[in-house]
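Trainee: Sharing a sequence plus its predicted fold:
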Protein chains: 6
Amino acid sequence: MATVKLIEYPQASAEVRAVYDDIMATRKTDRINNFWKALAGHPPTLRRTWQSVKEVMTPGALDALTKEMVYLAVSASNGCQYCTASHTASARAHGMTDAMLGELMAVVGMANETNRLADGYQVEIDDVFKETR
Amino acid sequence: MATVKLIEYPQASAEVRAVYDDIMATRKTDRINNFWKALAGHPPTLRRTWQSVKEVMTPGALDALTKEMVYLAVSASNGCQYCTASHTASARAHGMTDAMLGELMAVVGMANETNRLADGYQVEIDDVFKETR
Amino acid sequence: MATVKLIEYPQASAEVRAVYDDIMATRKTDRINNFWKALAGHPPTLRRTWQSVKEVMTPGALDALTKEMVYLAVSASNGCQYCTASHTASARAHGMTDAMLGELMAVVGMANETNRLADGYQVEIDDVFKETR
Amino acid sequence: MATVKLIEYPQASAEVRAVYDDIMATRKTDRINNFWKALAGHPPTLRRTWQSVKEVMTPGALDALTKEMVYLAVSASNGCQYCTASHTASARAHGMTDAMLGELMAVVGMANETNRLADGYQVEIDDVFKETR
Amino acid sequence: MATVKLIEYPQASAEVRAVYDDIMATRKTDRINNFWKALAGHPPTLRRTWQSVKEVMTPGALDALTKEMVYLAVSASNGCQYCTASHTASARAHGMTDAMLGELMAVVGMANETNRLADGYQVEIDDVFKETR
Amino acid sequence: MATVKLIEYPQASAEVRAVYDDIMATRKTDRINNFWKALAGHPPTLRRTWQSVKEVMTPGALDALTKEMVYLAVSASNGCQYCTASHTASARAHGMTDAMLGELMAVVGMANETNRLADGYQVEIDDVFKETR
């Protein structure tokens, strides 16, 4: 149970409703996720976070599906249940198949394993990797 | 400085050399990264980890570049310096441009921000996300 | 469900009861949180952890509310559900308003975003920050 | 060494210079930290991140020093060297004394210890903490 | 609720059944944990992960109980509920007593506290620790 | 470079010297690690942390070497360079061989991989693991 009250549309202020309206219009849906309803208790964070997510997740040099899968990979690594659940759904909605999810999680798992091996042995960065710019 | 001795090719056992040879052949290079030289102190881990990385990173439902970027995203989230450095280089070698790196890090940063907001408010998972299977 | 049995007061040993009594007296309450009941299975950890928490959370150069908010910020960043829930309650009991919680989480989210951007780009520490002592 | 080129003022585009100018004016300084110079390689992330940090760190229900100390607490918990170094300096500039830093780190350490104890024993959230709203 | 379908034995392919059979034979049990049923949606990950776990957890220079306790320590530190629950059970099955669990968690908690203190103060590594090889 | 001044013995207060003396007597050494010198800037944290570490690391149901390896496993998982370096040295001093370190890191890596797979798929805890008490 959230530690703050979820703000539903009918109870929302005009400022919050404007963000909700933009979320629904941008995502072509008529529902608002609990995440936004929780942020709505602090309208500046709701507005700023939505604007940032909207800007960051817009397709650009990376397509929408790749961005969703990266979001999911990070959320799984952080063990964030809410974001893992919601971005698994988003990634599927953008075309992620079971096979793609399987390979994605395989990479996530492997990266976490080798991250800890590299840290555990305090491996020094090869000179060649210091010149990647 | 690594907490274990880095095993160079000339000093390596036949078992270790076989892995080194496969790494160089697979990656079409004549050098071995410090990571593998550190793992070589425990040959079963060297062999198993290389076999896993090789299998997991082979293009399949996801292409090689996407896999490298996911690896980098996880490594940046974990704050692993070695893996961040080496997989930034790998991703660039597979075609990641500055613009792609910029968008990738923007997603990584945003995912970390919203992960903590969702955890910090203990947002409950929407019913609709429980039916993603 | 906890992986250890929760020790209730009537079943507790004299050693455990002494800690429970001090917790209730210090916090001016007549209940013991599940956290302490779980630790009570290993009395030395119960005693030591309570003594440390009691000492660390006593107002000093930082007031009690600031300490509770820092505790909450760390717990949210670590994704610890129990500590996030209990320290949200504690911080509210010490005077944290909805507006303060909103700003606190905004800082927590932003810190997590920029932490990963700094790590992801492996930004070198400015010389000026090396002379903070 | 950063994985991207640091953009200095003379080489910066007008878009980047505008952000740099705002950073220097807001912070009443004539230098730009490496963090912003690294982000400048992806101007939308530079602009968005600066706008967010500026908004989030402005004193409101929480004063500037409290916000800096929360930022530092999160950065230390995440093990982010850059952010720990830069926000230790910022917090000191906002008035954090050695005694305050000592107590801050004591809380950070204690929170990390109890977070893992609560997770390690999978302690269930007390009903009373579910009604904090 | 898992984000993928759990594959039960009767519905499993021959490839998956072969792994399930090996798990049950190795562990001398007639049940398969949910973890493996979730991985079974991506058979290569099921096979590879099981082979790795089987190899890594076989007694060698470290006995089986020590390995289970290390696994549990890492899982508790990562806040992974599933692995914490399952490896608490496994460690108990290998002989971990309540007293051993109590001391294990005490070490896990203390390590997390000092890790953050060392990171928070950016303590430089003593020269003597750089010569541990 | 540490963000606080390291307190050397000759400059230390009587309170700090008492802790230093106990550290050297307990560990049968004539040197103090940088970690303690950094904590010494806040004497209550120095005293409390040393007392806790001393109590927790004393052999009991678990022997000293097992405790050191668990400490190292957690430090490697958290990516804490200082604690990884110092506890690798401590574990070696308590008898950890290269083979033991190799197997330890293999378990640490594998635990991190499966932690993220379990979290990434949000695998539900098996009923049988809920009855481990």
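Mentor: Perfect, I can see it now.
Trainee: what about A:R31, which SS state?
Mentor: Here A:R31 is coil, with the state taken from DSSP: H, G, I helix; E, B strand; the rest coil.
Trainee: where exactly do the helices run in chain A?
Mentor: Per DSSP state H, chain A carries helices over the ranges A:14-27, A:34-39, A:43-57, A:64-78, A:81-93, A:98-120.
Trainee: by contact count, what packs against the first one?
Mentor: It refers to helix A:14-27. Secondary-structure packing of helix A:14-27 (3 or more Cβ pairs under 8 Å, 6 or more residues apart in numbering or on different chains; DSSP states H and E): helix A:34-39, helix A:43-57. For the C-beta atoms, the positions are set from N, CA and C on the backbone; glycine is no exception.
Trainee: Distance of the most centrally placed residue in chain A relative to chain E?
Mentor: The centroid of chain A falls nearest to A:Y71 when counting by Cα atoms, centre = their mean (4.2 Å). A:Y71 sits 14 Å away from chain E, going by Cβ to the nearest Cβ, to the nearest Å.
Trainee: what's around A:A18, how many residues?
Mentor: A:A18 has 14 neighbouring residues, counting by other Cβ atoms under 10 Å in any protein chain shown.
Trainee: which non-adjacent residue is nearest A:I125?
Mentor: Spatial nearest neighbour of A:I125, chain neighbours left out: B:A85 (4.7 Å); criterion: Cβ to Cβ, 6 or more residues apart in numbering or on different chains.
Trainee: you'd agree the one you found is up against A:E124?
Mentor: No - using Cβ atoms under 8 Å, B:A85 is not in contact with A:E124; the gap is 10.1 Å.
Trainee: Mind checking which of those two has more residues around it?
Mentor: B:A85 (22 against 15).
Trainee: for that one, what are its contacts?
Mentor: Counting by Cβ atoms under 8 Å, 6 or more residues apart in numbering or on different chains, B:A85 touches A:I125, A:D126, A:F129, A:K130, A:T132, C:Q122, D:T3.
Trainee: Could you tell me the model confidence score at the closest residue to chain E within chain A?
Mentor: In chain A, the residue that lies nearest chain E is A:G102 (2.7 Å; Cβ to the nearest Cβ). With respect to pLDDT, A:G102 scores 98.
Trainee: For the nearest residue to it once chain neighbours are set aside, list the residues it contacts.
Mentor: Of all residues beyond its chain neighbours, the one nearest A:G102 is E:H42 (2.7 Å), with distances taken as Cβ to Cβ, 6+ apart. E:H42 makes contacts with A:D98, A:A99, A:L101, A:G102, A:E103, A:M105, A:A106, as judged by Cβ under 8 Å, 6+ apart.
Trainee: Now a ChimeraX select for only the buried ones of the residues you listed.
Mentor: Restricted to buried positions by 16 or more other Cβ atoms under 10 Å in any protein chain shown, the ChimeraX selection for the contacts of E:H42 reads:
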select /A:101,102,103,105,106
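Trainee: nearest to A:W36, of the contacts of E:H42?
Mentor: The shortest gap between A:W36 and any of the contacts of E:H42 belongs to A:L101, at 24.8 Å (Cβ to Cβ).
Trainee: could you check the distance from the residue lying closest to A:M100 once chain neighbours are set aside over to chain D?
Mentor: Spatial nearest neighbour of A:M100, excluding adjacent residues (Cβ to Cβ, 6+ apart): B:A61 at 4.5 Å. B:A61 sits at a distance of 28 Å from chain D (criterion: Cβ to the nearest Cβ).
Trainee: Report the separation between the residue nearest to A:D119 when sequence neighbours are not counted and D:A2.
Mentor: Nearest in space to A:D119, with sequence neighbours left out and distances taken as Cβ to Cβ, 6+ apart, is F:G79 at 4.5 Å. Look at F:G79 and D:A2: by Cβ to Cβ, to the nearest Å, they are 19 Å apart.
Trainee: List, one by one, the residues from chain A near chain F.
Mentor: Proximity of chain A to chain F, by Cβ under 8 Å from any Cβ of the partner chain, involves residues A:72, A:76-77, A:79, A:81, A:84-85, A:105, A:108-110, A:112-117, A:119-122.
Trainee: Nothing else from me, thank you.
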